[in-house]
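In: sequence and predicted structure are below.
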Amino acid sequence: MCRRVRDISFTCQEFPVKKTSASLIALAVLPALLAMAHVGTAQASSSTRLAVDGAIIPGSCSVSLDKVSIDFGDTRSSDLQPGMASSLGSPIVRTVEVACSRPLLPTLTIADVHDGVRADDRDFVLPIDGRPDLPQGYYRVNAINARVDGQADASWFSGRFRIGTALRLKPGFDDLAYPLVRLTNWKVDLAVQASAPALPAGALAEQLPFAGAFTIELGYL
Amino acid sequence: MKIRMLSLAAALVAAGSASASTVRMDISGSITPAPCTVSLSNGGSVSFGDLRAESLKADAATALDAKTVTVSVACNAATAYGLQISDDRASSVATGVAATAKAGASDAQAFGLGMSGAQAIGAYVVSLSDGVADGTPTTFIGSADNGATWNAASVLAPNGDTVAWRSAAGATPVQAASSSALLTINAAVVGTDRLDLSEAVDLDGSAVIELLYL
């Protein structure tokens, strides 16, 4: 079966016919052959390339914290304004470190262990123990002072959370606008700033312990 | 003696004009299909990113997360066309890996992912879905005999088959000015025991999708 116009011509010129009769046959069948060229055959017209890539990377990373707890201590109720959220002192900084056996693209995802994190911002909840009737405090985790393989680079920062290899805070933050760099060592300081909730005046007469927690999960891009 | 027919036709016309009172001029030409172009979303680039070796099986093939890309055909007018695909890495299809990449797939339907030394790295299969022709959802048909017969198709394989969007009338290619399909790339890599992981192993697949007028 002829596949294309050119193929038909090549095939048909192979006929071992006599010269005189071949001339007549050629005149008779040429238009038909040309017409047939577009019936039931396929012609190449356009093409596009599919490229598939990726890489199998040997090695792995581990994550650690310099200290695994933060205590904001006691805050006097007299330092709080009834009905208004109040900052609980200065941020407390903890350092998270990622160490890799070879250059990789690790990520850190920080997630609140409590349900009910508000999806419209990056506040993590700080509930008051045993008092679900009271509003919750909150805290924020700011990533600062990233060091990648010993090098600090301001270009690695974007806003509060974004670092070159994607420090992802949940919920709702996943900025991948910055280029990614493979690394073997990544240190980031996490500045945790907590705020007491806006409590009614009556609630400030008693001790109100609060507690929160978040996890830091190592992943890879 | 083999005779070049087209040359003979021209020779006869020339001879007639010199010796006869009546000459004949044959006029020929062809109606070409409306120009069409085929394209892939994301520039045809599909990346599986970095795959940590420790996340892959050592002694068996590992299926990777599927990737998708959209193939589109745009014509100036309603036209019947199909697609064929060829594999630039055909020699690197890892034997027996296609079925891991996609359940039920055969090596004949698979594309290569390049070599790591003498070892084929893996294979991938290209599946068709979400067909749309001139805005109407449709399925796909394939032909192994250059359009003489058609059957239902769900993969785009590097076996010379032509795949087309199915017409509403039945198992015939639709004539459409535009059409699209979702291509799902299911890949798998061989067990890492078979790879030299002293360095990163790059996946390197390359295939060409060709548009054919039917």
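Out: Perfect, I can see it now. Everything quoted here is computed from the prediction, not taken from an experiment.
In: how about B:Lys102, what does it touch?
Out: By CB atoms under 8 Å, 6 or more residues apart in numbering or on different chains, the residues touching B:Lys102 are B:125, B:127, B:186. The C-beta positions use only the backbone N, C-alpha and C, and glycine is treated the same way.
In: just the helices in the chain please.
Out: Using chain A. A:5-12, A:19-36 (DSSP state H).
In: my question was about chain B, not that one.
Out: Under DSSP H, chain B gives helices at B:5-19, B:98-101.
In: where among those helices is average confidence lowest?
Out: Lowest mean pLDDT within the helices of chain B: helix B:5-19, at a mean of 44.
In: weakest of the helices of chain A by average pLDDT?
Out: helix A:5-12 (a mean of 26).
In: what bits of chain A have low per-residue confidence?
Out: Scanning chain A for pLDDT under 70 picks out A:1-45, A:115-122, A:153-181, A:221.
In: walk me through the domains of it.
Out: A:5-36, A:61-220 (automatic domain parsing).
In: the last one and chain B, are they touching?
Out: Yes. Contact between domain A:61-220 and chain B, assessed by CB under 8 Å from any CB of the partner chain, occurs at A:104-105, A:220.
In: count of residues packed around B:Pro158?
Out: 21 (other CB atoms under 10 Å in any protein chain shown).
In: now it: closest residue in space that isn't a chain neighbour?
Out: Once flanking residues are discounted, B:Pro158 sits nearest to B:Asp87: 4.0 Å by CB to CB, 6 or more residues apart in numbering or on different chains.
In: do B:Asn42 as well
Out: Per CB to CB, 6+ apart, closest to B:Asn42 is B:Val69, 6.0 Å.
In: quick one on the thing from earlier: out of the contacts of B:Lys102, flag the one nearest to A:Ala146.
Out: Nearest to A:Ala146 out of these is B:Asn186 (CB to CB; 37.0 Å).
In: isn't that closest one up against B:Ser127?
Out: Yes. Assessed by CB atoms under 8 Å, B:Asn186 is found in contact with B:Ser127 at 6.6 Å.
In: now the residues of domain A:61-220 next to chain B as TSV including neighbour count?
Out: As requested, the residues of domain A:61-220 next to chain B are exported to TSV (neighbours: other CB atoms under 10 Å in any protein chain shown):
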residue	neighbour count
A:Leu104	22
A:Leu105	20
A:Tyr220	17
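In: A:Gly219 and A:Leu204: what is the separation?
Out: 42 Å (CB to CB, to the nearest Å).
In: equivalent analysis for B:Asp134, please.
Out: Counting by CB to CB - B:Asp134 and A:Leu204 are separated by 69 Å.
In: and those two? Which one has more around it.
Out: A:Leu204 (16 against 13).
In: A:Asn185 touches A:Ser101, doesn't it?
Out: No. Counting by CB under 8 Å, A:Asn185 does not reach A:Ser101; the two are 10.8 Å apart.
In: spatially central residue for chain B, please.
Out: B:Ile85 (1.8 Å; CA atoms, centre = their mean).
In: give me the pLDDT value at it.
Out: For B:Ile85, pLDDT reads 97.
In: contacting residues for it?
Out: A:50, B:126, B:156-158, B:207-210.
In: and if you look at B:Val125?
Out: Contacts of B:Val125 (CB under 8 Å, 6+ apart): B:98, B:101-102, B:105, B:109-111, B:155, B:157, B:185-187.
In: again, 6 Å this time
Out: B:98, B:101-102, B:105, B:109-110, B:186 (CB atoms under 6 Å, 6 or more residues apart in numbering or on different chains).
In: just the ones of the residues you listed in strands?
Out: Under the assignment DSSP state E, the contacts of B:Val125 contribute B:110, B:186 to strands.
In: list just the nearest of the contacts of B:Val125 to B:Val174.
Out: Scanning these for proximity to B:Val174, where the rule is CB to CB, the winner is B:Gln109, at 23.4 Å.
In: the closest one contacts B:Ser154, correct?
Out: No. Using CB atoms under 6 Å as the test, B:Gln109 is too far from B:Ser154 to be in contact (10.0 Å).
In: would you mind telling me which of those two has more residues around it?
Out: Remark: of B:Gln109 and B:Ser154, B:Gln109 carries more neighbours, 24 against 14, as counted by other CB under 10 Å.
In: tell me the confidence at that one?
Out: Model confidence at B:Gln109 (pLDDT) stands at 96.
In: residue numbers of chain B in contact with chain A?
Out: Proximity of chain B to chain A, by CB under 6 Å from any CB of the partner chain, involves residues B:2-5, B:8-9, B:12, B:28, B:30, B:36-40, B:44-54, B:197, B:200-203, B:205-214.
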